[in-house]
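Visitor: Starting from these lines, generate the structure:
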Amino acid sequence: DQLRVRRRNFNRFFRLGGRTPNPMKKVLGKKGLGLIELIVVVGIVGFALTVLAGLGNYALKISSSLKQNVIAVNLASEMIEAAKAMKNENWSNISSLNLETPYSPTLSNHKWGANAGSETINTFTRHFTLSQVLRDANDNIAASGNADPETRKIIASVSWVENGENKQISLTAYLANWKP
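Guide: Prediction:
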């Protein structure tokens, strides 16, 4: 049996002109991969890589934008918390501020205060404004009614420029002359 196998391999070797058989012929049923098929494969792979690179670039832009939004929200939240701390120390810290005037928070000797105007931190500009609160006959906050001297509406605004586009966020809260 071994002799027959050796003869068969010997005859096959010389029938192929001294070359060993190509196992890919059996798999593909062809002599080889043509130039057109190779160009198509390279084109598909190139297109796939281009799409993946574009998706990666888009993800980086979204990530950067989200980071800027988080920073802006934190800066606005800090202003509201600073105003609450001012109110908790003494209501006159809030009630003495001019309405509809921009202020920026300041921290001095572990106490919050307010300076007129906006404040710039890195690329962000922030300020807060206080406005009068009106109450209806049921003592609910309303668009019209009687002025409530013991409550103020605070709007904390943060603006910045991102990719040449102006962005802004605003947070709103109410401050009342009330201590728990």
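Visitor: Mind naming the longest helix for this protein?
Guide: In the chain, taking DSSP state H as the definition, the longest helix is helix 35-89.
Visitor: where in this protein is pLDDT low?
Guide: 1-33, 179-180 (pLDDT under 70).
Visitor: For it, which residue occupies the most central location?
Guide: The centre of the chain sits closest to Leu66, judged by Cα atoms, centre = their mean, with a distance of 1.3 Å.
Visitor: For that residue, give its distance to Ala59.
Guide: 11 Å (Cβ to Cβ, to the nearest Å). In short, each C-beta sits where N, CA and C put it, glycine included.
Visitor: Show me what counts as buried in the longest strand along the chain.
Guide: Assignment by DSSP state E gives strand 146-162 as the longest strand of the chain. Using 16 or more other Cβ atoms under 10 Å as the test for burial, strand 146-162 gives Asp148, Thr151, Arg152, Lys153, Ile154, Ile155, Ala156, Ser157, Val158, Ser159, Trp160.
Visitor: Could you do stretch 167-180 as well?
Guide: Buried-residue list, stretch 167-180, by 16+ other Cβ under 10 Å: Ile169, Leu171, Ala173, Leu175.
Visitor: For beta bridges, what are the partners of the third one?
Guide: This means Ala173. Counting by DSSP bridges, Ala173 is bridged to Ile154.
Visitor: Now do the contacts for it.
Guide: For Ala173, the contact set (Cβ atoms under 8 Å, 6 or more residues apart in numbering) comprises Ile80, Ala83, Lys84, Lys153, Ile154, Ala156.
Visitor: Just the ones in strands from the buried residues of stretch 167-180, please.
Guide: Within the buried residues of stretch 167-180, residues falling in strands by DSSP E are Ile169, Leu171, Ala173, Leu175.
Visitor: Pull the most distant pair out of the residues you listed.
Guide: Ile169 and Leu175 (19.5 Å; Cβ to Cβ).
Visitor: Would you tell me which one of the buried residues of stretch 167-180 comes nearest to Val70?
Guide: Ile169 (10.3 Å).
Visitor: and the gap between that closest one and Val158?
Guide: According to Cβ to Cβ, Ile169 and Val158 sit 6 Å apart.
Visitor: Now for those two: what residues contact both?
Guide: Residues touching both Ile169 and Val158 by Cβ under 8 Å, 6+ apart: Ala72, Val73, Ala76.
Visitor: Arg135: neighbour count?
Guide: Residues contacting Arg135 under the criterion other Cβ atoms under 10 Å number 16.
Visitor: Is it correct that it is in contact with Gly145?
Guide: Yes - contact criterion Cβ atoms under 8 Å: Arg135 and Gly145 qualify, at 5.0 Å.
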